[in-house]
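[1] here's my sequence, what's the structure:
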Amino acid sequence: MDTLTGRTIQALKTHISDNQLSAGIKLGSLNELSQQFGVSRTVIREAVSALRSEGVVEARHGVGVFVREVPRTGSEEPNTFDADVALAPLSRLKTSFMDLLELRMAFEVHAAGLAAVRRSWAQESNIWNAARQFEASLDDEAALDHLDFVFHRSIAEATNNGAFIEFFSLMSLQILPQPAFSKELNPALITSDYVQNTVVEHRAICEAISTGSSEKAREAMRAHLNRSHLRYRGFSDGGASPLSNVARDD
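    Residues are numbered from 1 along each chain as shown. The predicted structure is shown next:
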């Protein structure tokens, strides 16, 4: 499947291989990579997320994107994960943005419940750290998108279920609203109260997971996502969504 995101993923891999960039080398910030490859921040974010799931790169908040492992060629590893092919079924979904949000709710509510009873101490710490970093970055809209992603990803990882983790990596590229916290693009949706409520809800999810109660964790996640979905519904029903990464009805 020849999409802009797929071509960008391949271009990043080629850049790393052709320049013989070793693990630990900085590729640049999202802004720098966006300019270097001539694509939007949304496309770069999707490409980096896909490569992160492959273990090729890692993103360090406030620092940039770094090489984690030199990508192998198809001849060296014929069964290597192809993010573009993997995402193809999702990109062909003929459904509404709100339908996809309901899918997200079903998945993440259950993930929160599993995380509450399966998380390790280190995974619980990761969830709390992601929530605290989000709270400490309220004045940095670009960082909030990434940190919100990290928060929800850390919960998926705490399920200790490989299928949940892989599904989240794929799902997040297609149906998580991006940019989700831009006041400039979505002034009616993204208000200071909305962002502050997100902080409160993230903390409630952390506390519920820490209690070890799957029921409390599911309810906290359900309340968090339901509030967001109700606000998005007001826009999606109007036809033109203010969000850049949404599925649309044909």
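[2] nearest residue to Asn126 in space, please, no chain neighbours.
    Spatial nearest neighbour of Asn126, excluding adjacent residues (CB to CB, 6 or more residues apart in numbering): Ser154 at 4.5 Å. C-beta: built from backbone N, CA, C; applies to glycine.
[3] give the helix, strand or coil label for Leu138.
    Secondary structure, DSSP: H, G, I helix; E, B strand; the rest coil: Leu138 is coil.
[4] counting neighbours, what do you get for it?
    Number of residues near Leu138 (other CB atoms under 10 Å) recorded here: 15.
[5] so it sits right up against Asp193, yeah?
    No. Judged on CB atoms under 8 Å, Leu138 makes no contact with Asp193 at a distance of 11.9 Å.
[6] for the one helix or strand the residue nearest to Asn126 maps to, packing partners?
    For Ser154, the host element (DSSP states H and E) is helix 141-157. Here helix 141-157 touches helix 41-54, helix 97-118, helix 121-135, helix 162-175, helix 192-211, going by 3 or more CB pairs under 8 Å, 6 or more residues apart in numbering; DSSP states H and E.
[7] ok and the first one relative to helix 141-157, angle-wise?
    Okay, so that is helix 41-54. 30 degrees (axes from the mean of the first three to the mean of the last three CA atoms, to 10 degrees).
[8] which ones are touching Arg52?
    Contacts for Arg52 (CB atoms under 8 Å, 6 or more residues apart in numbering) come out as Glu58, Ala59, Ser169.
[9] surely the first one is in a helix?
    If I follow you right, that is Glu58. No. For Glu58, which was evaluated using three-state DSSP, the result is strand, with no helix membership.
[10] report the separation between the residue nearest the centre of the chain and Thr211.
    Closest residue to the average C-alpha location of the chain: Phe149 at 3.9 Å, with CA atoms, centre = their mean. Phe149 sits 25 Å away from Thr211, going by CB to CB, to the nearest Å.
[11] got the angle for the helix holding Ser154 vs helix 162-175?
    Using the same axes, to 10 degrees, helix 141-157 lies at 150 degrees relative to helix 162-175.
[12] per-residue confidence averaged over helix 141-157?
    For helix 141-157, mean pLDDT rounds to 85.
[13] same thing with stretch 40-56?
    Rounded mean pLDDT across stretch 40-56 is 80.
[14] buried set for it?
    Across stretch 40-56, burial judged by 16 or more other CB atoms under 10 Å covers 41-54, 56.
[15] only alpha carbons, please: show it as CSV.
    Extracted C-alpha coordinates of stretch 40-56, given in CSV (Å, rounded to 0.1, in the frame of the first residue of the first chain):
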residue,chain,number,x,y,z
SER,A,40,3.5,17.2,8.1
ARG,A,41,4.1,16.6,11.7
THR,A,42,1.2,14.2,11.8
VAL,A,43,2.8,12.1,9.1
ILE,A,44,6.2,12.1,10.8
ARG,A,45,4.5,11.3,14.1
GLU,A,46,2.8,8.3,12.5
ALA,A,47,6.0,7.1,10.8
VAL,A,48,8.0,7.4,14.1
SER,A,49,5.3,5.5,16.0
ALA,A,50,5.4,2.7,13.4
LEU,A,51,9.2,2.5,13.6
ARG,A,52,9.1,2.7,17.4
SER,A,53,6.8,-0.4,17.4
GLU,A,54,9.4,-2.2,15.1
GLY,A,55,12.2,-1.2,17.6
VAL,A,56,14.0,0.9,14.9
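[16] neighbour count for the contacts of Arg52 - can I get that in JSON lines?
    Listed next are the contacts of Arg52 as JSON lines, based on neighbours: other CB atoms under 10 Å:
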{"residue": "Glu58", "neighbour count": "16"}
{"residue": "Ala59", "neighbour count": "20"}
{"residue": "Ser169", "neighbour count": "19"}
